[in-house]
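K.L.:
Structure, please.
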Amino acid sequence: MINIEEKLEQLLSSYSENETLEFKEAKKGYDFKKIGKYFSALANEANLSDRDEAWLIFGIVDKDKSVVGTGFRNSLQDLHNLKREIAEKTTNGITFREIYEVERDGKRVILFQIPSAPKGLPIAWSGHYYGRDGESLSPLNLE
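P.N.:
Alright, predicted model coming up:
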């Protein structure tokens, strides 16, 4: 079992966002389509980096990693429905490994644990493959 508080601390202490780590403020909400694109990109990049997983974290400012908290899907049921919603639009119905809620500095932070894409099978979101170019989303180069 993962100690999510320790994992958050480890992710916050990393140098910056990279191909397998993305921080978003998401103070009040976040666009569903963008979540899907990030899911595809982070899963694909985890595979290319030979990692088991990638992370999308809401409630954190990406530049200085300050905790601002998030109001994204405040209902636990609505939050976990996201697993099904993502699976409906990804290759082979792949979805988050887990979604964690933690409190840090009195503010709510959500950590989305994204599995690595299977070897040789990139993950598409709504029929399109995504990757990362540093901290930016981009179409995945299938080469």
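K.L.:
Could you find the closest non-adjacent residue to the residue nearest in space to the middle of the chain?
P.N.:
Per C-alpha atoms, centre = their mean, the C-alpha nearest to the average position across the chain is that of Leu56, at 2.4 Å. Leaving aside its chain neighbours, Leu56 sits nearest to Phe112 (4.2 Å; criterion: C-beta to C-beta, 6 or more residues apart in numbering). No exception for glycine: its C-beta is placed from N, CA and C like everyone else's.
K.L.:
Walking through this protein, point out its strands one by one.
P.N.:
Along the chain, counting by DSSP state E, strands occupy 21-24, 53-58, 98-104, 107-115, 124-125, 128-133, 136-139.
K.L.:
between the ones you listed, which gets nearest to Leu76?
P.N.:
Nearest to Leu76 among the strands of the chain is strand 98-104; the distance by C-beta to C-beta comes to 7.4 Å.
K.L.:
Go through the closest one and flag the buried ones.
P.N.:
For strand 98-104, the neighbour count (16 or more other C-beta atoms under 10 Å) marks Ile99, Tyr100, Glu101 as buried.
K.L.:
what sits against Gly93?
P.N.:
By C-beta atoms under 8 Å, 6 or more residues apart in numbering, the contact set of Gly93 is Ala87.
K.L.:
Bridge partners for the residue nearest to the centre of the chain, pull those for me.
P.N.:
Taking DSSP bridges, one obtains Glu22, Phe112 as the residues bridged to Leu56.
K.L.:
ok, now which ones touch it?
P.N.:
Taking C-beta under 8 Å, 6+ apart as the contact definition, Leu56 lies against Glu22, Lys24, Ile35, Tyr38, Phe39, Leu42, Leu111, Phe112, Ile114.
K.L.:
where do the helices sit along the chain?
P.N.:
Using DSSP state H, the helices assigned to the chain run over residues 4-12, 32-48, 76-87.
K.L.:
ranking the ones you listed by burial, who's on top?
P.N.:
Of all the helices of the chain, helix 32-48 has the most neighbours on average by mean count of other C-beta atoms under 10 Å, namely a mean of 22.
K.L.:
Counting by contacts, list what that one packs against.
P.N.:
Judged by 3 or more C-beta pairs under 8 Å, 6 or more residues apart in numbering; DSSP states H and E, the packing partners of helix 32-48 are strand 21-24, strand 53-58, helix 76-87, strand 107-115, strand 124-125, strand 128-133, strand 136-139.
K.L.:
With that, I have no additional questions.
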